[in-house]
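> no sequence on this one, just coordinates:
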């Protein structure tokens, strides 16, 4: 797992950026990619200075959500309230599951646009297009989703539950990465077992991966358009990352580029399968 600066430990400028991200992303938390960047001296501050205008006016988020709205993937069968009760998921817990899935489906497209803009800036693309800065606008984010439950540590689960959760693990080796969506759902092991059963065959299915590629292309187009709306680059008191730091950031962004489409897809599938 990548190092992260916890939200409760953030101070000064980092705490201010965390506050902005929570407000502008319309979720009550900061995604791991930004918490990791905060552990690298000056990196999050520099990155946010580069791209903040198109998030502050809402144009990046709105475009990201529009692009993701066309994302098509076959639904899974609805889960009945009776089945949920058998699995120990009461009405309040079901609402929590829907909300946390909505959070991932909401934040992941915006994260992909942020990553796309960063990748372009690091590659030397020029901001501002014709040289016109983003006009200041008043934008009100949608109401934030409810605070999600804490993530479960897979190492602390009983062996059988851990094996089921690892259905959603990424990478190879002894400690594969398990995305936060599934680590939150892990507090309801019977529900996770059901989801693992119905989703396992679809995780790496060709049609699923093709849908991810379509989503990434759409959000890459959004990132490119947002880059042209940014104020042209000028002198900044914040130095850009050096070559080693650039390479590290690109590797991190590429990891999130691989996992974020799944959070959009499976977040929606699980949300929509739960009773309203």
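That came through fine. Values in this document were obtained by computation on a predicted structure and should not be read as measured data.

> from here on, just use CA atoms for contacts and neighbour counts.
Will do.

> any idea which residue sits dead centre in the chain?
Nearest to the mean C-alpha position of the chain, by C-alpha atoms, centre = their mean, lies residue 108 at 3.2 Å.

> isn't there a helix covering that residue?
Yes: Residue 108: assigned to a helix according to DSSP: H, G, I helix; E, B strand; the rest coil.

> the closest residue to it other than its chain neighbours: neighbour count?
Spatial nearest neighbour of residue 108, excluding adjacent residues (C-alpha to C-alpha, 6 or more residues apart in numbering): residue 260 at 5.4 Å. Counted by other C-alpha atoms under 10 Å, the residues lying close to residue 260 total 21.

> now stretch 14-29: buried residues?
By neighbour count on 16 or more other C-alpha atoms under 10 Å, the buried set for stretch 14-29 is 14, 17-18, 20-29.

> what of stretch 206-222?
Buried, per 16+ other C-alpha under 10 Å, within stretch 206-222: 208, 209, 211, 212, 214, 215, 216, 218, 219, 220, 221, 222.

> quick check: mean pLDDT of that stretch?
The average pLDDT within stretch 206-222 is 95.

> could you dump the buried residues of stretch 206-222 into a markdown table with distance to residue 242 added?
What follows is the buried residues of stretch 206-222, written out as a markdown table (distance: C-alpha to C-alpha, whole Å):
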| residue | distance to residue 242 |
| --- | --- |
| 208 | 37 |
| 209 | 34 |
| 211 | 35 |
| 212 | 31 |
| 214 | 32 |
| 215 | 31 |
| 216 | 27 |
| 218 | 30 |
| 219 | 27 |
| 220 | 24 |
| 221 | 27 |
| 222 | 27 |
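
> could those residues be laid out in TSV, adding distance to residue 10 and secondary structure?
Compiled in TSV, the buried residues of stretch 206-222 are given as follows (distance: C-alpha to C-alpha, whole Å; DSSP: H, G, I helix; E, B strand; the rest coil):
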residue	distance to residue 10	secondary structure
208	37	helix
209	36	helix
211	37	helix
212	33	helix
214	36	helix
215	32	helix
216	31	helix
218	33	helix
219	29	helix
220	30	helix
221	33	helix
222	30	helix
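
> before we move on, back to that, strands - which of the buried residues of stretch 14-29 land there?
Among the buried residues of stretch 14-29, none falls in strands (DSSP state E).

> can you tell me which of those is nearest residue 243?
Nearest to residue 243, judged by C-alpha to C-alpha, of these is residue 14 at 22.7 Å.

> how close does that closest one get to residue 265?
Counting by C-alpha to C-alpha, to the nearest Å, the separation of residue 14 from residue 265 is 30 Å.

> then residue 123?
For residue 123 relative to residue 265 (C-alpha to C-alpha), the value is 29 Å.

> who has more neighbours out of those two?
residue 265 (24 against 11).

> tell me how far that one lies from residue 272.
For residue 265 relative to residue 272 (C-alpha to C-alpha), the value is 11 Å.

> how about residue 59?
Residue 59 is 27 Å from residue 272, by C-alpha to C-alpha.

> now residue 30
Distance, residue 30 to residue 272, using C-alpha to C-alpha: 24 Å.
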